[in-house]
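Student: what follows is a predicted protein model with its sequence.
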Amino acid sequence: MTFQEGEPMPSGANEEFGAYLADLRRRAGKSQRRLAEILCDLSGCPTVTRHEISRYERGRRTPRFWLPYLAEALGASLGELERRANLAFGGHQPSYTDAQAEFFIHGFPEGDVPQLGGVTGRRIGSDVVADLLVRIHRLRLADDVLAGGDLIGPALRELDAAVAMYQAGGFSELVGRALLAAISELAQIAGWIASDAGLNQRAEEIYQLGISAAREAGDRTSAANLVGSLAYHQTNVGAPETGLELAVAALDEAGDDVPPRAKALFWDRVAWTYAKTGQASLAIRALGRASEALSRHAGEEDPSYLYWVDEGELRIMEARVHVELRRPLRAVPVLTEVLDQYDSTHAREIALYLSWLAVALADANEPEEAAHTARRVLELSADMPSERTTRRSQVVLARLHPFRNVREVRDLIDDYGRRA
């Protein structure tokens, strides 16, 4: 097995590179935070934080994509940085085959994603679209275990390459329609990743691109999924009324001839937007419609992007809705049970679900237990490049603030209060 970005070598090679980078930074008179800001400005990709710089310097990760920008920011030799980074990688320069093989463990290594644009200039057949669909699903699976800040670069490169390939032409009408449908699926996961990376405007643009592609391809289910994804995004970034309009529009977009699991997902999003706008009875009714839709699923083949929609996910949404509606006694048992089923590889999901559990415990007047749960949220999300976990951490701290005279809460706020 080869070593990719993010995997420590079983030697001191990573630590040696990290120490060298830290020395360069100190000689340049820059803090970790300032270096991260400069890298964002130079690259035009605002996803690097001081935590990422810290990971590099501690030998937890070794950069590849960022080496040219590090050289420019620190006034260092790019050749020397590359030489030392190559030693940290064991002298191995991964090929595309290696990158794909490592994907399921580490995600796409930065800078090593094979580009679909390479097929431009020759006739594009259904095999190229099939390969794209496989890689889109790999991206979805990576999103199960990696945060948006880790995946945004590969996701945007894939999307840009796929769009460029479509614009270049060279395919039959049938293949063109299939390619548009694939682009719509890619836009959905890329938009989701962009949202998690905190690129809100970019996420909205990507979702709109996907909606247009799905409609042109005649794929109503994919179009509805994208409208619903945009609804969820808008709801969570402070525009719940817009989110509600879009969530209802997604149901209309889908029509009656839609897979049961898709219908369940669309109703779940409606329930969430009702809860966020304080419409309790409508939220509960929408949850019922989601459950009813899922009950009609009889094992038929669905679009691959629905792989995660099941009874467990509906129960999670039901618990979240009850938390938003200040009904903690209904939410706590479900969230506790669900969290027992997640392993540590799903750190972002665990942090998010724990955040709702912490809020529910606070609402149930259990501040000590809420503080204990909140500490787990904050520890898990400390170095995680996810805007979702950042927002939820702030919500949790704000909800616990009225209990600041309780010792456990006071200690938590002393340790993490700056996040609020």
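Tutor: Now that the structure is in, tell me what you want to look at.

Student: and the helix or strand harbouring residue 361, what does it pack against?
Tutor: Following DSSP states H and E, one finds residue 361 within helix 347-363. In terms of contacts (3 or more C-beta pairs under 8 Å, 6 or more residues apart in numbering; DSSP states H and E), helix 347-363 is packed against helix 311-324, helix 328-339, helix 367-381, helix 387-400. Placement of C-beta: from N, CA and C, glycine included.

Student: check contacts around residue 194.
Tutor: 148, 152, 155, 156, 200, 202, 203, 206 (C-beta atoms under 8 Å, 6 or more residues apart in numbering).

Student: next secondary structure after the helix or strand hosting residue 21?
Tutor: For residue 21, the element it lies in under DSSP H and E is helix 13-27. Sequence order places helix 32-43 as the next helix or strand after helix 13-27, per DSSP H and E.

Student: report the mean confidence score over that following helix.
Tutor: Throughout helix 32-43, pLDDT has a mean value of 86.

Student: next secondary structure after that helix?
Tutor: helix 50-57.

Student: let me know the next secondary structure element after that following helix.
Tutor: Following helix 50-57 toward the C-terminus (DSSP H and E): helix 67-74.

Student: can I get the helices and strands packed on helix 347-363 in a markdown table including distance to residue 67?
Tutor: Below are those laid out as a markdown table (distance: least, C-beta to C-beta, whole Å):
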| stretch | distance to residue 67 |
| --- | --- |
| helix 311-324 | 40 |
| helix 328-339 | 39 |
| helix 367-381 | 27 |
| helix 387-400 | 26 |
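
Student: same list, those, but as a markdown table with mean pLDDT, distance to residue 76 and mean neighbour count please.
Tutor: Shown next, in a markdown table, are those (pLDDT from 0 to 100; distance: least, C-beta to C-beta, whole Å; neighbours: other C-beta atoms under 10 Å):
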| stretch | mean pLDDT | distance to residue 76 | mean neighbour count |
| --- | --- | --- | --- |
| helix 311-324 | 95 | 47 | 20 |
| helix 328-339 | 92 | 45 | 18 |
| helix 367-381 | 95 | 32 | 20 |
| helix 387-400 | 95 | 31 | 20 |
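
Student: quick one: which of those is nearest residue 250?
Tutor: Checking the helices and strands packed on helix 347-363 against residue 250 by C-beta to C-beta gives helix 311-324 as the closest, at 15.1 Å.

Student: helices or strands next to that closest one in the packing?
Tutor: helix 260-276, helix 280-295, helix 328-339, helix 347-363.

Student: can I get those helices in CSV with distance to residue 406?
Tutor: Converted to CSV, the helices and strands packed on helix 311-324 look like this (distance: least, C-beta to C-beta, whole Å):
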stretch, distance to residue 406
helix 260-276, 28
helix 280-295, 29
helix 328-339, 17
helix 347-363, 10
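
Student: relative to residue 42, which of the ones you listed is closest?
Tutor: It's helix 347-363; of the helices and strands packed on helix 311-324, that one is closest to residue 42 (C-beta to C-beta) at 27.4 Å.

Student: contact partners of the closest one?
Tutor: Contacts of helix 347-363 (C-beta under 8 Å, 6+ apart): 144-145, 147, 196, 316, 319-320, 322-323, 326, 328, 331-332, 335-336, 338-339, 342, 344, 367, 369-371, 373-374, 376-377, 380-381, 384, 386, 388-389, 392-393, 395-396, 399-400, 403.

Student: quick one: that helix to helix 387-400, angle?
Tutor: 20 degrees (axes from the mean of the first three to the mean of the last three C-alpha atoms, to 10 degrees).

Student: tell me how far helix 347-363 is from the chain's mean position?
Tutor: Helix 347-363 sits 17 Å away from the centroid of its parent chain (C-alpha atoms, centre = their mean, to the nearest Å).

Student: from now on call the first residue 536
Tutor: In the new count, where the first residue is 536, that last one comes out as helix 882-898.

Student: may I have it as CSV, with CA atoms only?
Tutor: Listed in CSV are the C-alpha atoms of helix 882-898, where the atom choice follows Å, rounded to 0.1, in the frame of the first residue of the first chain:
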residue,chain,number,x,y,z
ALA,A,882,-16.5,11.9,13.1
ARG,A,883,-18.5,14.7,11.5
GLU,A,884,-21.9,12.9,11.8
ILE,A,885,-21.1,12.0,15.4
ALA,A,886,-20.2,15.6,16.2
LEU,A,887,-23.4,16.9,14.6
TYR,A,888,-25.7,14.3,16.2
LEU,A,889,-24.0,14.9,19.6
SER,A,890,-24.7,18.6,19.1
TRP,A,891,-28.4,18.0,18.9
LEU,A,892,-28.3,15.7,21.9
ALA,A,893,-26.5,18.4,23.9
VAL,A,894,-29.1,21.0,23.0
ALA,A,895,-31.9,18.5,23.9
LEU,A,896,-30.3,17.8,27.3
ALA,A,897,-30.0,21.5,28.0
ASP,A,898,-33.7,21.9,27.1
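
Student: how about that helix: buried residues?
Tutor: By neighbour count on 16 or more other C-beta atoms under 10 Å, the buried set for helix 882-898 is 882-898.

Student: ok, stretch 940-955 next?
Tutor: 943, 944, 947, 948, 951.

Student: and which of the residues you listed is nearest residue 783?
Tutor: residue 951 (37.6 Å).

Student: you'd agree the closest one is up against residue 912?
Tutor: No: between residue 951 and residue 912 there is no contact under C-beta atoms under 8 Å: 9.4 Å.

Student: what do these two both touch?
Tutor: residue 928.

Student: ok, back up a step: is it possible to get CSV of the buried residues of stretch 940-955 that adds pLDDT and distance to residue 795?
Tutor: Converted to CSV, those look like this (pLDDT from 0 to 100; distance: C-beta to C-beta, whole Å):
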residue, pLDDT, distance to residue 795
943, 96, 44
944, 96, 44
947, 95, 43
948, 93, 45
951, 87, 42
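
Student: closest to residue 701 among these?
Tutor: Using C-beta to C-beta, residue 951 comes nearest to residue 701 of the buried residues of stretch 940-955, at 45.9 Å.

Student: which one is the closest one nearest to, not counting chain neighbours?
Tutor: residue 913 (4.8 Å; C-beta to C-beta, 6 or more residues apart in numbering).

Student: quick one: that neighbour from residue 567, how far?
Tutor: Note on residue 913: its distance to residue 567, by C-beta to C-beta, to the nearest Å, is 20 Å.

Student: now do residue 855
Tutor: 35 Å.

Student: many thanks, have a good one.
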